[in-house]
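Enquirer: everything below, folded, please.
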Amino acid sequence: MILIFLVFTAPIAGAFFYQPKSFNNYGDIYKPVRQVANLVMQGSNGTVELDSFRRQWIFLVVVKEGCSEACENNILKMRQLRFMQNNDMTRIRTVFMHTGLASAVATDLAAKYSPVESYSVESSKFDNWTKVLQLEDAPKEANVDRFYIIDPAGNLMMSYPPSADPNLIKKDIKRLLKASQIG
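Expert: As a prediction, the model looks like this:
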């Protein structure tokens, strides 16, 4: 009887006492997660509020004034990562947010990487809003050209540098989508 008790309680006791020091994630996790404020954006079909995207995961690329090669690679990466999710891709929106970018360039990028949604934001609102995206205790260069993931509740969850490996990002995303009950 004691042996049976030990066999059934050992996994519970092990889980209680074993606390991993780190998780196996590839991206930078925002601890604690940061609530993303609502933002009014201008798209090709008119004005859109960021809060209207709730209940879906958001893959986000932001750029100010010009889309470099790293920016364009991030847009392609975000599009491809969405397609890699197969049946779960309907749970994800791919958003390219910009300010100071020529509308023709933004339209071309959106067409080239469809179904990526392109939205422009007023410069003053953009600067204020993007403060939430900044990694704390990181050099300024580390906060440039990142790829962000926002959960369906509107929380900034993770970000990746422009040189991030898409296959490792895919594993993080699969884990997030599997664990998520919303979106």
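Enquirer: any regions of this protein where pLDDT drops low?
Expert: 19-23, 183 (pLDDT under 70).
Enquirer: just give me the residue right at the centre of it.
Expert: residue 149 (1.0 Å; CA atoms, centre = their mean).
Enquirer: relative to the helix or strand that contains that one, what are the paired strands and their orientations?
Expert: Residue 149 is part of strand 147-150 when elements are defined by DSSP states H and E. Take DSSP bridges as the rule and strand 147-150 pairs in its sheet with strand 57-64 (antiparallel), strand 155-160 (antiparallel).
Enquirer: please name whichever of those strands is nearest to residue 128.
Expert: Smallest distance to residue 128 across these (CB to CB): 12.4 Å, for strand 57-64. Glycine gets a C-beta too; all of them are placed from N, C-alpha and C.
Enquirer: quick one: list the elements packing against the next helix or strand after that closest one.
Expert: Next helix or strand after strand 57-64 toward the C-terminus (DSSP H and E): helix 69-83. If contacts are counted by 3 or more CB pairs under 8 Å, 6 or more residues apart in numbering; DSSP states H and E, helix 69-83 sits against strand 57-64, strand 92-99, strand 147-150, helix 166-179.
Enquirer: quick one: the last one to strand 92-99, angle?
Expert: Orientation check (axes from the mean of the first three to the mean of the last three CA atoms, to 10 degrees): helix 166-179 against strand 92-99 gives 120 degrees.
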